[in-house]
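Novice: Sequence and predicted structure are below.
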Amino acid sequence: MKFRLSLLALVSLCCSIASAAPYNEAQVVLNQSPLKDAFGIGDGIKNSVLDYVEDGKKAILKGKTNMQKWMHAGKEYIKQDDLLYELVSHPALATYKLRVTDPKICDPSVKQHSGYLDIADDKHLFFWFFESRNSPKDAPLILWLNGGPGCSSSTGLLFELGPCSIADDGYNTTHNPFSWNSHANIIFLDQPVNVGYSYAADGTTVNSSPIAGKDVHAFLELFLNRFPQYSTQPFHIAAESYGGTYAPNFAKVIYDANQQLAVAPIPGFKHINLASVILANGLTDPYIQMASVPDYVCDGPFPVYDDPQGPQCQSLRTKVPTCQRLIKACYQFNSRFTCMPANVYCNTQLFAPLMQTGLNPYDVRKKCDRQKDGNLCYKQMQWIEAWMNDAKNKAALGVNPEKNFESCNMEVNQAFTMNGDGMHNSASLLPELINNGIRLLVYAGNADMMCNYMGNERWVEQLETQFSQEFRSAKPVPWVTFESGRLAGESRSAGGNNLSAGNVTFVTVFDAGHMVPYDQPEAALDLITRWIMDVPLSLNIDSALRDADLPPL
C-alpha cells in the first residue's frame, strides 16, 4: 500500500524529522501503549504537583499562593503552577522574565538549569541547560536548536547529543558518553512558542525566523546576566534541519545587537561572544539545495533509483527549473505570496515521489516501516514523548505537569509553511558575519535525502565571502577520528592557514543520515570538539592539542 501524505505534511517535508505525518497519528500509537497507564497520559494528571516536588522546595512553598513573589538573599522568587522558580529580570527587557529551577535528572553529575523565558504574559519558551562535564568555567557555550519547524530541541537532547539518551520504550534514559557537553556548556531551547514544553496562553504562534530571533536574543541576555560565568567564553549557535533557516537569522539578530551595544551600551547588557554558526543537515539556500535533489537520489552514494537516466530521474529533473524560478521570485520579492507557492511546488513535485519509495527519507540506507517504527520512521520519537510527559520529570524541570509535551507541533509547522519562511535565502545573512570574524561550520550526513550533503556543499561553495576563492580551490581532505582512528568523512576549509578549523568549513559525514550524532556519535563529538577548540580536522589531533596546550579529548 502506498504511503499517502496530506498537502500540509508534504509541503513541510524538507528537513523536518516530524513532518511526514501529523502529530495526532503518533499520539494514537502512544495512547494505545502501556506508557499511557504508566505516566497517566491521556487521562489527565492523577496526582498533585506537590507529590513530585522535593521536600526542601515544599517547605519553601508552604503557605504561599500561586503567583506570589518574594525576595531572599538578594534574589527574587515566584510560586507558579505550584512550583518554585527563581525569577530573573532586566530593566531594559521589561516584557521578558526568566523563571529558573535546578533539575537533577538526565545526568545528575553536572549542574543543570531549566525553566521558562516568559514573554509578556502570553508566550513562554522552555530551556534546559547542562554544564560541561570537563572544566565548565573554561568551556564554550553552545545553543542547540532542532528544526521542523515546530520540533522540540528535546529530540536532539534525548535522541542525539544530550547527556542522556532515551531508552526502554521511554521508561528510562541511559548515560551518553558522546554528549556534546563533554567539552561545552550547552543550552537546549524549545522555540518558537507551542513547541515541546513551550506554550502560549492564547494559542498564538510565531511564523517567521526573524521574529523568533528577537525572543532568542532576549533569552540569552537574561540567561547570561543571571549566569555570567558562561558569558566570557565563545558562544556557538548550532542548529539542525530547519535550524539551517533559524540559525542564520538568530545569529544576525545577535550580531546586530552586539553592533548596537558597541555604539550605545545598555547597563547590564552582555556582549554575546558569537564565535560561530554551526548548521547540521540544514535547509539554508533552497534555490541551490532543491536543485540537488535529483542529483542525490539518482547519482548519490545511496541511489534511490537504479537507473540515473531512467524515467523517475528524468521526471524529477524536469521539475527543477520551475522550482528554481519560483524560489528566485521568493528571493526577489521576499513575501508570503511568492514564497509559499515555491514551498508548495518544490516539495510536492520533488519529494512526493520519494516518499512513496518506502525508504526512510532521513536515512536512505533503511526502509521505513511505519507500523513498527511510527510515522516518523524512528520509534524513539514516541519514547521521548512518553518520558517528557512523565509528571515527575515535568515537576523536576519546572514544567506544569498538566502541560502536554509534543515532539513536534504541526500547527507551528503549518504557520511557518504557509508563510513561506523556509524558502527564504537564509545563506544571504551569513557573509557579513563571516567577513567580520564569525566562523561557519556546515556538516551533513551522506545518507540524508531530505537536506542532502551535495546541496549543502554547493551553497557553501557559492557563498560570497572573503574566503570564497580559497574555499572553491580547497580539495576535500580525509577526516579521521581521534578516539578510534576511523575515517569519518571529508572536510573542505578556508581561512586559518591550516592551523585552525577554518573560517568556512564544510564536512561530509560518512555513513550518517539526517541526525549525525545519532548515527555517528563518536564522529559527531570529535567534530564539534575540534570545531570549538579550533583544531583542524585534517591534523593529528593528539599533536595539535598538545601544541596548543589544550586539554585532551
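Specialist: Yep, it's here.
Novice: Below-threshold pLDDT in the stretch 401-550 of the chain: ranges please.
Specialist: 409, 540-550 (pLDDT under 70).
Novice: got a list of what residue 454 touches?
Specialist: The neighbours of residue 454, taking C-beta atoms under 8 Å, 6 or more residues apart in numbering as the test, are 292, 295-296, 300. To be clear about C-beta, it is placed using only N, CA and C from the backbone, and glycine gets the same treatment.
Novice: dump the residue contacts of residue 49.
Specialist: Taking C-beta under 8 Å, 6+ apart, we find residue 49 in contact with 81-83, 391, 395, 400-401.
Novice: and with 7 Å instead?
Specialist: Remark: with contacts taken as C-beta atoms under 7 Å, 6 or more residues apart in numbering, residue 49 is in contact with 81-83, 395, 401.
Novice: ok, those residues vs residue 74, which is closest?
Specialist: Nearest to residue 74, judged by C-beta to C-beta, of the contacts of residue 49 is residue 83 at 21.4 Å.
Novice: Nearest spatial neighbour of that closest one, chain-adjacent residues omitted?
Specialist: Excluding the flanking residues, the one nearest residue 83 by C-beta to C-beta, 6 or more residues apart in numbering is residue 398, at 5.7 Å.
Novice: pretty sure the one you found contacts residue 84?
Specialist: No - assessed by C-beta atoms under 7 Å, residue 398 is found out of contact with residue 84, at 8.3 Å.
Novice: Give me the common contacts of these two.
Specialist: With C-beta under 7 Å, 6+ apart, residue 398 and residue 84 have common neighbours residue 101.
Novice: These two: which has the busier surroundings?
Specialist: residue 398 (25 against 19; other C-beta atoms under 10 Å).
Novice: Who are the contact partners of that one?
Specialist: Residue 398 neighbours (C-beta under 7 Å, 6+ apart): 83, 85, 99, 101, 114-115.
Novice: hang on, the earlier thing: most neighbours, which of the contacts of residue 454?
Specialist: Greatest neighbour count in the contacts of residue 454, by other C-beta under 10 Å, goes to residue 296: 24 neighbours.
Novice: element containing that one, please.
Specialist: Assigned by DSSP states H and E, residue 296 falls within helix 293-299.
Novice: Residue 297 and residue 260, how far apart?
Specialist: Between residue 297 and residue 260 the computed distance is 45 Å (C-beta to C-beta, to the nearest Å).
Novice: Looking at those two, which one has more neighbours?
Specialist: Each of residue 297 and residue 260 has its neighbours counted (other C-beta under 10 Å); residue 297 has more, 25 against 12.
Novice: from what I can see that one touches residue 354, true?
Specialist: Yes - counting by C-beta under 7 Å, residue 354 is a contact partner of residue 297 at 6.3 Å.
Novice: shared neighbours, the two?
Specialist: 304, 449.
Novice: Walk me through the domains of the protein.
Specialist: Domain assignment for the chain by automatic domain parsing gives 11-44+99-294+369-547, 46-88.
Novice: Mind putting those into JSON lines with distance to residue 349?
Specialist: As requested, the domains of the chain are exported to JSON lines (distance: least, C-beta to C-beta, whole Å):
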{"stretch": "domain 11-44+99-294+369-547", "distance to residue 349": "10"}
{"stretch": "domain 46-88", "distance to residue 349": "46"}
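Novice: most tightly surrounded among those?
Specialist: Neighbour counts (mean count of other C-beta atoms under 10 Å) averaged over each of these peak at domain 11-44+99-294+369-547, with a mean of 21.
Novice: what about the helices in the stretch 351-500 of the chain?
Specialist: Using DSSP state H, counting those that start in this stretch, the helices of the stretch 351-500 of the chain run over residues 370-373, 380-388, 391-397, 410-418, 430-435, 453-462, 468-473.
Novice: coming back round to it: how about the contacts of residue 398, which pair is most distant?
Specialist: Comparing all pairs in these by C-beta to C-beta, the longest separation belongs to 83 and 114, at 11.1 Å.
Novice: How far does stretch 82-92 stretch from one end to the other?
Specialist: Stretch 82-92 has an end-to-end distance of 29 Å (C-alpha to C-alpha, to the nearest Å).
Novice: now it, how far from the centre of its chain.
Specialist: Taking C-alpha atoms, centre = their mean, to the nearest Å, one finds stretch 82-92 lying 25 Å from the centre of the chain it belongs to.
Novice: and what of stretch 171-182?
Specialist: Here stretch 171-182 is found 17 Å from its chain centre; the criterion is C-alpha atoms, centre = their mean.
Novice: Show me what it is in contact with.
Specialist: Contact with stretch 171-182 is made by 38, 106, 110, 130-134, 142, 158, 161-167, 186, 387, 521-522, 524-525, 528-529, as judged by C-beta under 7 Å, 6+ apart.
Novice: Could you do stretch 302-319 as well?
Specialist: With contact meaning C-beta under 7 Å, 6+ apart, stretch 302-319 is reached by 293-294, 297-299, 349-350, 353-354, 357, 359, 364-365, 447.
Novice: Between which two of these is the distance greatest?
Specialist: 349 and 365, at 24.7 Å, using C-beta to C-beta across the contacts of stretch 302-319.
Novice: which one of the two has more residues nearby?
Specialist: residue 349 (19 against 14).
Novice: So that one lies in a strand, does it not?
Specialist: No - according to DSSP: H, G, I helix; E, B strand; the rest coil, residue 349 belongs to no strand; its state is helix.
Novice: gap between it and residue 265?
Specialist: As judged by C-beta to C-beta, residue 349 and residue 265 stand 51 Å apart.
Novice: can you check residue 152 too?
Specialist: 35 Å.
Novice: thinking again about what came up before, now for the helices of the stretch 351-500 of the chain, which one comes closest to residue 65?
Specialist: For the helices of the stretch 351-500 of the chain, the distance to residue 65 is smallest for helix 391-397, at 18.6 Å, taking C-beta to C-beta.
Novice: packing partners for the helix holding residue 296?
Specialist: helix 311-333 (3 or more C-beta pairs under 7 Å, 6 or more residues apart in numbering; DSSP states H and E).
Novice: Show me the shaky parts of this structure.
Specialist: Where the chain drops to pLDDT under 70, the residues are 1-47, 203-208, 409, 540-553.
Novice: farthest residue from the center of it?
Specialist: The C-alpha centroid of the chain is most remote from residue 63, which lies 40.3 Å away (C-alpha atoms, centre = their mean).
Novice: what sits against that residue?
Specialist: Going by C-beta under 7 Å, 6+ apart, residue 63 touches no other residue.
Novice: Three-state assignment for it, please.
Specialist: In three-state terms, and counting by three-state DSSP, residue 63 is coil.
Novice: Backbone dihedrals for it, please?
Specialist: When read as degrees, to the nearest 10, the backbone of residue 63 gives phi 90, psi -10.
Novice: for residue 199, same thing?
Specialist: Torsion angles at residue 199 (phi, psi; degrees, to the nearest 10) stand at phi -150, psi 160.
Novice: gap between it and residue 159?
Specialist: To residue 159, residue 199 is 22 Å away according to C-beta to C-beta.
Novice: Over to residue 426?
Specialist: Distance, residue 426 to residue 159, by C-beta to C-beta: 24 Å.
Novice: Residue 99 contacts residue 116, correct?
Specialist: Yes - with contact defined as C-beta under 7 Å, residue 99 and residue 116 form a contacting pair (4.7 Å).
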